[in-house]
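> Quick one: sequence plus predicted model below, questions after.
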Amino acid sequence: MPFETLQLELHPPVAVVTLDRPRVLNALNRQTFNELETVFRQIASDEAVRVILLTGAGDRAFAAGADISELADLSALEGQLLSARGHAVLNQIEHCGKPVIACINGFALGGGCELAMACTVRLASETAHLGQPELKLGLIPCYGGTQRLPRLVGKGAALRLLLTGKIVSANEALRIGLVDEVVPAAELMPRAQVLASTMAQMAPLAVRACLDAVHRGYDLPLDEALAIEASAFGYCCSTEDKAEGTQAFLEKRAPVWKAC
């Protein structure tokens with residue numbers, strides 16, 4: 001399926017999704033969200049794909065935020081619906097059942113930062129800058145920024161970024177926990193490919209169960225979260241992947257995963 005605002009490259013076991021509106025710094029508009037929804041639904045059901053890389057076209061921006069022209073005339077109801085739409089698409093990305101690595105190759109501001117935060121892991125080039133400057137427009141983040149940012153960096157650091165609209169460097173983002181690794185710009189995609197390759201070697205059903213256990217248990221009391229873990233572990237014990245993985249270990253060979 002051709003897309004207007006993004007590109008999809010399939011190199012199993014890795015898929016690369018590239019936001020492709022470089023003339024507007026890959027700003028997120030309604031069409032982008034529609035296409036992100038479509039492409040992640042497609043990838044989630046593709047058993048050959050085990051890890052997804054998400055990046056932006058060009059070297060200036062991952063995504064420089066929402067398309068302001070679409071925000072200027074929103075009514076209260078339209079704004080609420082737009083926010084809910086963004087939540088649904090980013091939740092779909094976060095819970096697609098496969099690791100999603102954000103490859104942040106420039107500005108990730110506003111909705112772009114929120115998109116990166118919905119990914120499993122965030123790699124940033126040394127030239128990347130991240131922030132949530134919505135308050136400067138008389139708005140607040142509407143695609144999960146007020147909720148995911150505190151969960152990543154802590155309430156105090158999140159509020160400092162939100163209430164000042166400060167745009168931070170990649171190294172500062174690393175220091176506070178907003179990104180997980182910083183590399184030279186030329187090494188961003190090669191490093192992401194290495195990380196993706198490592199993740200793709202893991203048992204697919206165990207990856208899905210691990211992601212699900214972390215997401216479902218993160219905000220629960222520990223005893224409830226541990227029950228989720230025990231249930232997920234029991235499920236893994238019933239799979240062909242577990243039988244193959246343990247047998248391969250005992251036979252000192254690489255496992256051949258059959259279940260996806």
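Sure, I can see it. Numbering: from 1, shown residues only.
> Provide the contact partners of the host helix or strand of N34 at residue level.
In this structure, N34 sits in helix 30-44 according to DSSP states H and E. For helix 30-44, contacts defined as C-beta atoms under 8 Å, 6 or more residues apart in numbering pick out 1, 3-6, 8, 15, 17, 19, 21, 49, 52, 70, 85-86, 88-89, 92-93, 96-98. To be clear about C-beta, it is placed using only N, CA and C from the backbone, and glycine gets the same treatment.
> which element follows that helix toward the C-terminus?
Following helix 30-44 in sequence order, the next helix or strand is strand 51-56 (DSSP H and E).
> how distant is the following helix or strand past that next one from the center of its chain?
Per DSSP H and E, the first helix or strand lying C-terminal to strand 51-56 is strand 61-63. The chain centre lies 13 Å from the centre of strand 61-63; the measure is C-alpha atoms, centre = their mean, to the nearest Å.
> Repeat that for stretch 176-191.
14 Å.
> if we can go back for a sec, using CSV, list the CA coordinates for the helix holding N34.
C-alpha atoms of helix 30-44 as CSV (Å, rounded to 0.1, in the frame of the first residue of the first chain):
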residue,chain,number,x,y,z
ARG,A,30,-4.3,13.9,10.4
GLN,A,31,-3.1,11.9,7.4
THR,A,32,0.1,10.9,9.2
PHE,A,33,-1.9,9.5,12.1
ASN,A,34,-4.1,7.6,9.7
GLU,A,35,-1.1,6.1,7.9
LEU,A,36,0.7,5.3,11.2
GLU,A,37,-2.4,3.4,12.3
THR,A,38,-2.5,1.5,9.0
VAL,A,39,1.2,0.7,8.9
PHE,A,40,1.4,-0.5,12.5
ARG,A,41,-1.6,-2.7,12.1
GLN,A,42,0.0,-4.2,9.0
ILE,A,43,3.4,-4.7,10.8
ALA,A,44,1.8,-6.1,14.0
